[in-house]
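> pasting the sequence and the predicted model now:
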Amino acid sequence: MKGRLFGKTIEELREVVLELGLPGFTATQIADWLYHKSASSIGEMTNLSKKARELLETNYEFGLISYTKVQASADGTKKYLFPTAQGKFIETAMIPEDSRVTVCVSSQVGCKMGCLFCMTAKQGFQGQLTAGEIVNQIRSIDEAAEVSNIVYMGMGEPFDNLPEVLKSLEILTSEWGFAKSPRRITVSSIGIIPGMLTFLDKSEAHLAISLHTPFDEERQKLMPVQVAYPIKDVIKEIKSWDFGRQRRVSFEYIMFGGLNDTPRHVRELGRLLSGIKCRINLIRFHPIPGTPLKSSDEKSIQVFKDSLNEKGILTTVRASRGQDIYAACGLLSTKTLEGNENGSNRFN
Ligand code: SF4
């Protein structure tokens, strides 16, 4: 099987040209075609010699992957389905807002973290995505040219696939790559501490942590990761990290009715997050089969938000988008996709 050029870093492209006996500067030319221009085949790399193109074509493919299905929501949100190298499928959401277009990418096929409220968890872990497969989710959607913001909040836990996630961030933010600002990229994690620290060190992108409750026992029931990496330890690390003036840390908080939406939770969140310049995003829960969880009602969500803001914690409620196609960011659905081409993939 031929290797893929798309998804390689500049260092990896230098190795490719060295291996093929091509001049060193060819690596920069290839990167230009891969990440700056809208080419999609090696044949289009017209400033490379004929011999260089032939050698590349014999050994490599350009490496873009087309989506196999797209669903559009009444509110403009779209959900794309991409095939993976292992013959599985991943989902990507495109969310248009007033002045921006946000893409929510997946970092793994399925997930092994077992969060109680998550449909991807029910699918189990089915494999890692490569950096190329992650970046392809931004490059191969219809709105590729308009993408302003990127969030790693789709399927999978990014810090459980750290090398490929870091490589994808390098491709997205380097001058030889897509040259996007890391201030427009947010990576969301449930708080795997070693991965989080490496990410903070090696990348400039924003960090979002799935918090969901400040109490250990409750969080352990919702998120098994709490046993290995208690949220208090995650917060301790965040408090000791210098985020600088421009880098942001935020916390995701899904509102579960009668579970994590009480004044007691507001008080404990105030204690837990004191001293951190951060934001909390409250998220409405859209019930999934097989869990007893239900969403808080609108009044409770507003009261919770106001109480946190009064405590000085900047808190917003995330707009529900793409509900009719199960594309809510951070909750990408793994609902069975009926009528897809080969009928063999199940997303439930
Ligand atoms: S919420 Fe995220 S980390 Fe938890 S199971 Fe779902 S995809 Fe995995």
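That came through, no problem.

> my guess is Ile254 meets Leu211, correct?
No - counting by C-beta atoms under 8 Å, Ile254 does not reach Leu211; the two are 9.1 Å apart. Any C-beta I mention is one placed from the backbone N, CA and C, and that applies to glycine too.

> up against the ligand, what does the stretch 1-150 of the chain have?
111, 113-115, 118, 120-121 (C-beta under 6 Å from any ligand atom).

> check those residues against Ala228 and report the nearest one.
Closest approach to Ala228 among these (C-beta to C-beta): Met113, at 10.3 Å.

> for the closest residue to that closest one other than its chain neighbours, give me its contacts.
Taking C-beta to C-beta, 6 or more residues apart in numbering, and ignoring the residues beside it in sequence, Met113 has Glu157 as its nearest neighbour in space, at 5.1 Å. Neighbour list for Glu157: 107-108, 111-113, 189-190, 192 [criterion: C-beta atoms under 8 Å, 6 or more residues apart in numbering].

> what of Arg184?
148-150.

> list phi and psi for it.
phi -110, psi 10 (degrees, to the nearest 10).

> for it, give me the pLDDT.
We have a pLDDT of 98 for Arg184.

> how near is it to the ligand?
22 Å (C-beta to the nearest ligand atom, to the nearest Å).

> repeat for Leu64
25 Å.

> mind listing what that residue touches?
6, 40, 136, 139-140.

> what of Leu56?
Contacts of Leu56 by C-beta under 8 Å, 6+ apart are 5, 16, 20, 30, 42, 45, 48.

> recalculate using a threshold of 7 Å.
Contacts for Leu56 were tallied using C-beta atoms under 7 Å, 6 or more residues apart in numbering; they are Ile42.

> equivalent analysis for Leu34, please.
Counted by C-beta under 7 Å, 6+ apart, Leu34 has contacts 5-6.

> on the three-state scheme, it is what?
helix (DSSP: H, G, I helix; E, B strand; the rest coil).

> and it, how far from the ligand?
Counting by C-beta to the nearest ligand atom, the gap from Leu34 to the ligand is 29 Å.

> where does that residue land on pLDDT?
98.

> same question for Ala328.
53.

> so what's Gly177 closest to, chain neighbours aside?
That would be Ile171: by C-beta to C-beta, 6+ apart, it lies 4.2 Å from Gly177.

> just to revisit the earlier point, closest to the ligand among the contacts of Leu64?
Asn136 (19.2 Å; C-beta to the nearest ligand atom).

> that closest one and Ile65 touch, don't they?
Yes - with contacts defined as C-beta atoms under 7 Å, Asn136 counts as touching Ile65 at a distance of 5.0 Å.

> looking at these two, which is more packed in?
Asn136 (27 against 18; other C-beta atoms under 10 Å).

> what's next to stretch 131-151, contact-wise?
By C-beta under 7 Å, 6+ apart, the surrounding residues in contact with stretch 131-151 are 4, 6-7, 63-67, 80, 82, 84, 92, 94, 100-107, 164-165, 167-168, 171-172, 184-186, 188, 329.

> my read is that the residue nearest to Gly177 contacts Ile185, right?
No - look at Ile171 against Ile185 with C-beta under 7 Å: they stay out of range, at 11.5 Å.

> what is in contact with these two at once?
By C-beta under 7 Å, 6+ apart, no residue touches both Ile171 and Ile185.

> in the sheet, who's paired with the spatially most central residue of the chain?
By C-alpha atoms, centre = their mean, the chain has its centre lying nearest to Tyr152, at 1.3 Å. Per DSSP bridges, the residues bridged to Tyr152 are Val187.

> distance of it from the ligand?
For Tyr152 relative to the ligand (C-beta to the nearest ligand atom), the value is 10 Å.

> then Asp261?
The spacing between Asp261 and the ligand, counted by C-beta to the nearest ligand atom, is 19 Å.

> distance between the helix or strand of the chain with the lowest mean pLDDT and the chain's centre?
Least confident helix or strand, the chain: helix 119-123 with a mean of 89, by mean pLDDT, DSSP states H and E. Once both centres are worked out by C-alpha atoms, centre = their mean, to the nearest Å, helix 119-123 turns out to sit 16 Å from its chain's centre.
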